[in-house]
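Engineer: Quick one, what's the 3D model for this:
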Amino acid sequence: MNHTVNAATLALALGTAMGIASVPATASEMHGQETSGNEKCYGVALKGQNDCMAGGGVTCSGSSKTDYQANAWKLVPAGTCTKMSSPTSPTGYGQLEAFEGTSA
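Structural biologist: Residues are numbered from 1 along each chain as shown. You can find the predicted model right below:
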C-alpha cells in the first residue's frame with residue numbers, strides 16, 4: 001500500500017507541476033514587463049480587450065470600459081504602437097505611455 005500512496009502522490013505532483021508550467025503569465029507579471037518582442041501600447045484596445053492597467057478605472061485584463069481608453073494598454077509587436085490608430089490620442093496614434101484621452 002505504501003507504494004500505491006507514493007505513486008499517487010508522485011502522479012499528483014507531476015500533474016500539478018505540468019499544469020502550473022502551462023499557465024501564461026499572470027496580469028501582475030505582465031504589468032511589470034513586456035513579452036519579448038512586444039511593447040505596451042496605450043489607447044488602442046477595444047472595450048474589454050485590454051491586456052492590463054495603467055491607472056484608475058482599469059484594474060487589469062479585459063476591464064477597460066470604453067474603446068481606445070487612454071489608460072488601458074494592449075501588447076503589440078515592438079515598433080508598431082505609434083503607427084496604430086487611436087481616436088482618443090492627441091496624436092491620433094497609440095502611445096507608449098498613458099495619456100489624457102479625448103472623446104472617440
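Engineer: This protein: strands as residue ranges?
Structural biologist: Counting by DSSP state E, the chain has these strands, from start to end: 38-42, 73-77.
Engineer: list the buried ones in the last one?
Structural biologist: Meaning strand 73-77. Using 16 or more other Cβ atoms under 10 Å as the burial criterion, the residues of strand 73-77 that qualify are Trp73, Lys74, Leu75, Val76. Placement of C-beta: from N, CA and C, glycine included.
Engineer: ok, so what distance separates the third one from Cys52?
Structural biologist: Read that as Leu75. The gap separating Leu75 from Cys52 is 9 Å, by Cβ to Cβ, to the nearest Å.
Engineer: Check the second one too.
Structural biologist: For Lys74, the distance to Cys52 under the criterion Cβ to Cβ works out to 9 Å.
Engineer: residues touching Gly43, list them.
Structural biologist: Tyr68, Gln69, Ala70, Ala72, Ser86, Thr88, Ser89, Gly94, Gln95, Phe99, Gly101 (Cβ atoms under 8 Å, 6 or more residues apart in numbering).
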